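Participant: This is a predicted model, with the sequence first.
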Amino acid sequence: MIAHSGKRAVETQKMLDRIKDTEWGLILLDEVHVVPANMFRKVLGVIKAHCKLGLTATLLREDQKIGDINFLIGPKLYEANW
């Protein structure tokens, strides 16, 4: 995980530095309902992107942090009725 704070191998650190230094066009987030968790918040805070797209079949959380998704990646744009 990108937000890991322990010691890393040199090559791993180089790769992570490149990921952090690159400005990405799109980040695709599968199972976006986990994004409000602390580790995923750290990762989104480190990676730069012009656009974020989140997908999930279950937009539910028990900890009432589901509203944080609007702040972290933006509003829901589409919902399919199954």
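Facilitator: Noted; the coordinates are in hand. Residues are numbered from 1 along each chain as shown.
Participant: Need the nearest residue in space to the most centrally placed residue in the chain, chain neighbours excluded.
Facilitator: The centroid of the chain falls nearest to Leu44 when counting by Cα atoms, centre = their mean (4.6 Å). What sits nearest to Leu44 in space, not counting adjacent residues and going by Cβ to Cβ, 6 or more residues apart in numbering, is Leu72, at 5.9 Å. In short, each C-beta sits where N, CA and C put it, glycine included.
Participant: my guess is the one you found contacts Val43, does it?
Facilitator: No. Leu72 lies out of contact with Val43 (Cβ atoms under 8 Å); the separation is 10.5 Å.
Participant: Report the buried residues of the longest helix seen in the chain.
Facilitator: Among the segments of the chain that qualify as a helix by DSSP state H, the longest is helix 10-21. Buried residues in helix 10-21, counted by 16 or more other Cβ atoms under 10 Å: Leu16.
Participant: Strand partners (parallel or antiparallel) of the helix or strand following that helix?
Facilitator: Downstream of helix 10-21, the next assigned helix or strand under DSSP states H and E is strand 23-30. Using DSSP bridges, the strands paired with strand 23-30 in its sheet are strand 48-55 (parallel).
Participant: just how off-centre is the partner strand within its chain?
Facilitator: Remark: strand 48-55 is offset 8 Å from the chain centroid, using Cα atoms, centre = their mean, to the nearest Å.
Participant: Stretch 56-70 now?
Facilitator: With Cα atoms, centre = their mean, you get 13 Å for stretch 56-70.
Participant: For that stretch, which outside residues touch it?
Facilitator: Asp30, Glu31, Val32, His33, Val35, Pro36, Ala37, Gly54, Lys76 (Cβ atoms under 8 Å, 6 or more residues apart in numbering).
Participant: His50 and Leu26 touch, don't they?
Facilitator: Yes. Between His50 and Leu26 there is a contact at 7.1 Å, judged by Cβ under 8 Å.
Participant: For Ile27, see how far away the residue nearest to Gly25 when sequence neighbours are not counted is.
Facilitator: Among residues not flanking Gly25 along the chain, His50 sits closest, at 5.4 Å (Cβ to Cβ, 6+ apart). With distances taken as Cβ to Cβ, to the nearest Å, His50 is found 9 Å from Ile27.
Participant: Brilliant, that's me finished.
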